[in-house]
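>>> 3D, please:
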Amino acid sequence: MEQVTKVVILGAGPHAGVLVDILRHDPLVDIVGFTDIEPSRTTPEFHRIPILGDDRVLADLREISSADALIVGLGWELLEKRRALVEHGTILGYKWVRAIHPKSILTTNVFLGEGTAVMAGAVVGPYSVIGKHSVVNTSCSIDHDAKIEDNVFVGPGAVLGGNVTVGSDTVIGLGANVFDGITIGSNATVGAGALVNKNVPDGATVVGVPAKVLRWKDGYGKKP
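Next comes the predicted model:
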């Protein structure tokens, strides 16, 4: 008989609620609780699952809940916090589970990194690689031979053509369209509904049809 994995979700907001829905489809996963950034603002339970405390309890979760695995439940607006939690949980020796909705489509030879979530209706084409702790959101499409690095959010309804590369810590907004062969850098943001027909540099935010640079994150872009 296969062993059940006891999972704690890090974060108790809307994105975490979607993970609950996905993980409850897996009979070999037992969600034993959440942590939350500010548990005082929440009820003792979320989706009928207990909140075990704030992020400081990570070191003691095995004793509190017998947990042996984690997944990050924070949304795209907290990418830096997501990365910090991943680093902390990894140092503490936890495993990371994947959350794959049964109504998503993963075609042949797709690789998914640990801690990654694939939502309902998402399609990932053959020979694509999705990195660790990324989110492939509802009804988005990633075509063949894509390379998506770690801690990337691909928004609901976004369409990425074949051979697209996306760097780490990047957000692809809702309904964005990315042409075949495009490279989107690390720490970049593609606005909702954007049409990306040129490569996007590291740290750039691009918007519009066709997409153009709106601004840069600190430390990126042209120097004065």
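>>> poorly predicted segments of the chain, please.
For the chain, the stretches with pLDDT under 70 are 1, 37-45, 222-224.
>>> for it, which helix is longest?
Longest helix in the chain, counting residues (DSSP state H): helix 79-91.
>>> in it, what counts as buried?
Residues of helix 79-91 classed as buried by neighbour count (16 or more other CB atoms under 10 Å): 79, 81-83, 85-86, 89. The way it works is simple: take the backbone N, C-alpha and C, and place the C-beta from them, glycine included.
>>> which pair in the residues you listed spans the largest distance?
L79 and G89 (15.8 Å; CB to CB).
>>> could you break the chain into its assigned domains?
The record's domain split for the chain, according to automatic domain parsing, is 5-96, 99-209.
>>> circling back to that earlier point, could you dump the buried residues of helix 79-91 into JSON lines and include distance to R98?
JSON lines is the format used below for those (distance: CB to CB, whole Å):
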{"residue": "L79", "distance to R98": "19"}
{"residue": "K81", "distance to R98": "20"}
{"residue": "R82", "distance to R98": "15"}
{"residue": "R83", "distance to R98": "18"}
{"residue": "L85", "distance to R98": "16"}
{"residue": "V86", "distance to R98": "14"}
{"residue": "G89", "distance to R98": "15"}
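>>> gap between I182 and E63?
I182 sits at a distance of 47 Å from E63 (criterion: CB to CB, to the nearest Å).
>>> which of those two has more residues huddled nearby?
Remark: of I182 and E63, I182 carries more neighbours, 19 against 9, as counted by other CB atoms under 10 Å.
>>> any idea how far V124 is from the more buried one?
Distance check for I182 against V124: by CB to CB, it reads 17 Å.
>>> again with G203
Separation of G203 from V124 (CB to CB) stands at 26 Å.
>>> can I assume Y127 sits in a strand?
No. Secondary structure of Y127 (DSSP: H, G, I helix; E, B strand; the rest coil): coil, not part of a strand.
>>> follow-up on the earlier one: can I get the longest helix of the chain in CSV? Just the C-alpha atoms.
Extracted in CSV, the C-alpha atoms of helix 79-91 (Å, rounded to 0.1, in the frame of the first residue of the first chain):
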residue,chain,number,x,y,z
LEU,A,79,7.0,36.2,-5.5
GLU,A,80,9.9,37.2,-3.2
LYS,A,81,8.1,35.8,-0.1
ARG,A,82,7.4,32.6,-2.0
ARG,A,83,11.1,32.2,-2.8
ALA,A,84,12.1,32.9,0.8
LEU,A,85,9.7,30.2,2.1
VAL,A,86,11.0,27.7,-0.4
GLU,A,87,14.6,28.4,0.7
HIS,A,88,13.6,28.1,4.4
GLY,A,89,11.6,24.9,3.9
THR,A,90,14.3,23.3,1.9
ILE,A,91,17.0,24.1,4.5
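>>> which is the next helix or strand following that helix?
Heading C-terminal from helix 79-91, the first helix or strand you meet, by DSSP states H and E, is strand 95-96.
>>> what's that next one packed up against?
Here strand 95-96 touches strand 69-72, helix 79-91, going by 3 or more CB pairs under 8 Å, 6 or more residues apart in numbering; DSSP states H and E.
>>> could you dump the ones you listed to TSV with distance to D150?
Below are those laid out as TSV (distance: least, CB to CB, whole Å):
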stretch	distance to D150
strand 69-72	11
helix 79-91	8
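>>> quick check: which of those is nearest to W216?
Using CB to CB, the nearest of the helices and strands packed on strand 95-96 to W216 is helix 79-91, at 16.1 Å.
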